[in-house]
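> Got a sequence here, can you build the structure:
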Amino acid sequence: MAREQGSEQAPAPAAQEIARGSRGPLMPVPLLRGPGGSESLRTVLVALGANVLIAVAKSAAAVVTGSASLVAEAAHSWADSGNEIFLLIANRRARRPRDRAHPFGHGREAYVWSLFAALGIFVAGAAVSVTHGIQELLHPEPADHFLVGYVVLAVSFVLEGVSFLQSVRQARSEAEPLQRDLIEHVMATSDPTLRAVFAEDSAALTGLVIAAAGLAAHQLTGSPVPDAVGSILVGVLLGVVAIVLINRNRRFLVGEEADPRIRSAALRALLDMPEVARVTYLRLEVVGPRMVFVTGDVDLTGDDTESHVAVRLRALEAKFCVSPAVAGAVLSLSAPDEPSLSA
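This is a model prediction of the structure:
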């Protein structure tokens with residue numbers, strides 16, 4: 001508790017001096033160079049603009065054609081539009097500076113608001129689509145003006161593709177330093193807004209294909225059953241996406257350690273510091289999008305007095321906190337019999 005309270009106070013003069021003269025040991029570590037919120041904000045804004053335009057177009061087409069699949073797609077796009085608002089709130093609130101009540105910042109708020117967005121996909125998207133599809137099976141109604149539906153679906157595919165490409169661009173730029181493939185990074189990243197937009201756009205593009213197939217089958221057979229089945233399939237797809245997103249946000253909210261590759265890079269950086277003889281424990285816990293809290297046990301070089309060792313530990317913590325991606329650091333002395341960690 002004493003160490004945690006101390007994190008709100010100014011570091012010792014020696015720590016300040018070292019921190020000013022160093023770029024920090026974690027600055028070269030991939031994805032720990034800073035929160036990088038501007039790119040995520042751009043990704044969410046592109047998705048919001050595309051989804052609002054698509055939702056209006058799909059709603060109009062659903063009224064004109066009477067297609068169950070288009071009704072499901074309209075509900076999907078309106079749900080996505082509302083969810084982007086949650087993601088904008090998540091992005092803004094997570095970047096608020098730390099204060100006395102929140103010494104490690106507000107990063108985890110991103111997972112709270114992203115969880116609300118995932119629930120929105122499940123309720124406003126999946127439930128509405130499945131319910132409408134079932135109602136259409138029980139009380140079928142023929143559709144018409146199929147050309148309008150096809151045009152709207154094609155335009156929607158282009159707009160969704162623009163948003164999807166923006167999320168892919170961001171994901172690839174972040175995945176490359178960690179030597180991850182695209183999907184692996186999207187699932188593992190601590191940025192919930194990137195994951196949500198990527199998942200929503202992927203589901204949207206797949207849903208558009210399903211809706212087009214359902215609409216075409218309706219036109220060819222004259223039966224509204226394929227159209228209703230398309231609506232149900234879109235709802236099931238959204239339900240699966242929502243469950244995946246809910247689970248990922250839940251895991252980050254309860255506390256998850258950073259990627260092992262990031263931990264290994266941080267361990268190598270720590271062992272390369274001249275004042276560190278060995279490291280016996282190191283944990284990087286994710287506390288927000290691209291934000292970690294560092295705890296560790298180290299053995300310092302030399303044989304100093306207890307008071308001098310305390311000053312050196314504070315200075316070492318200050319070096320870690322130079323990185324804008326480090327919300328805080330607590331380092332303790334290793335016991336003599338503890339095994340050393342190797343990078």
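
> low-scoring stretches of this structure, by residue?
Low-confidence segments of the chain (pLDDT under 70): 1-38, 306, 343.

> Give the buried residues for the top helix by length along it.
Criterion DSSP state H: the longest helix present in the chain is helix 146-178. Residues 148-150, 152-153, 156-157, 159-161, 163-164, 166-168, 170-171, 174-175, 177-178 are the ones in helix 146-178 that count as buried (16 or more other Cβ atoms under 10 Å). C-beta coordinates here come from the backbone N, C-alpha and C atoms, glycine included.

> Same check on stretch 291-304?
Using 16+ other Cβ under 10 Å as the test for burial, stretch 291-304 gives 291-294, 296-298, 300.

> May I have that stretch as PDB, with CA atoms only?
Once non-C-alpha atoms are left out, stretch 291-304 reads as follows in PDB (Å, rounded to 0.1, in the frame of the first residue of the first chain):
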ATOM      1  CA  MET A 291      -1.000   0.300 -21.500                       C
ATOM      2  CA  VAL A 292       0.700  -2.000 -19.000                       C
ATOM      3  CA  PHE A 293       1.600  -2.000 -15.300                       C
ATOM      4  CA  VAL A 294       5.000  -3.500 -14.500                       C
ATOM      5  CA  THR A 295       5.900  -5.500 -11.400                       C
ATOM      6  CA  GLY A 296       9.100  -7.300 -10.900                       C
ATOM      7  CA  ASP A 297      11.900  -8.500  -8.600                       C
ATOM      8  CA  VAL A 298      15.500  -7.600  -9.500                       C
ATOM      9  CA  ASP A 299      19.000  -8.000  -8.100                       C
ATOM     10  CA  LEU A 300      21.000  -4.800  -8.400                       C
ATOM     11  CA  THR A 301      24.700  -4.600  -9.100                       C
ATOM     12  CA  GLY A 302      27.000  -3.600  -6.300                       C
ATOM     13  CA  ASP A 303      26.500  -3.900  -2.600                       C
ATOM     14  CA  ASP A 304      24.800  -0.700  -1.400                       C
END
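
> what ranges do the helices span in the stretch 151-300 of the chain?
Here the stretch 151-300 of the chain has its helices, by DSSP state H, counting those that start in this stretch, at 182-188, 192-221, 225-254, 260-271.

> and the nearest residue to residue 341 once chain neighbours are set aside, bridged to which residues?
Leaving aside its sequence neighbours, residue 341 sits nearest to residue 279 (Cβ to Cβ, 6 or more residues apart in numbering; 4.9 Å). In this entry, residue 279 is beta-bridged to residue 298, by DSSP bridges.

> so how far is residue 264 from residue 279?
As judged by Cβ to Cβ, to the nearest Å, residue 279 and residue 264 stand 12 Å apart.

> When the two are compared, which one has more neighbours?
residue 279 (23 against 15; other Cβ atoms under 10 Å).

> wouldn't that one be in contact with residue 340 here?
Yes - using Cβ atoms under 8 Å, residue 279 is in contact with residue 340, at 6.8 Å.

> that older thread, between the longest helix of the chain and helix 192-221, how many degrees?
With axes from the mean of the first three to the mean of the last three Cα atoms, to 10 degrees defining the directions, helix 146-178 sits at 150 degrees from helix 192-221.

> count of residues packed around residue 318?
By other Cβ under 10 Å, the residues close to residue 318 number 22.

> mind checking which helix or strand it is in?
Per DSSP states H and E, residue 318 falls inside helix 306-321.

> Run the chain-centre distance for the helix or strand just after that helix.
Moving toward the C-terminus from helix 306-321, the next helix or strand (DSSP H and E) is strand 326-333. Distance, stretch centre to chain centre, for strand 326-333: 25 Å (Cα atoms, centre = their mean, to the nearest Å).

> buried stuff in strand 326-333?
For strand 326-333, by 16+ other Cβ under 10 Å, it's 326-331.

> taking those as a set, which two sit the farthest apart in space?
327 and 331 (14.6 Å; Cβ to Cβ).

> Identify the residues contacting the spatially most central residue of the chain.
Centroid-nearest residue in the chain: residue 192, 1.6 Å away (criterion: Cα atoms, centre = their mean). Contacts of residue 192 were listed using Cβ atoms under 8 Å, 6 or more residues apart in numbering, and they are 87, 90, 110-111, 114, 245, 248-249, 252, 289.

> measure residue 75 to residue 179 for me?
Per Cβ to Cβ, residue 75 is found 39 Å from residue 179.

> sorry, back to before: identify whichever of the helices of the stretch 151-300 of the chain lies nearest to residue 54.
Proximity to residue 54 (Cβ to Cβ) singles out helix 192-221 among those, at 7.9 Å.

> Having no further points to raise, I will conclude here.
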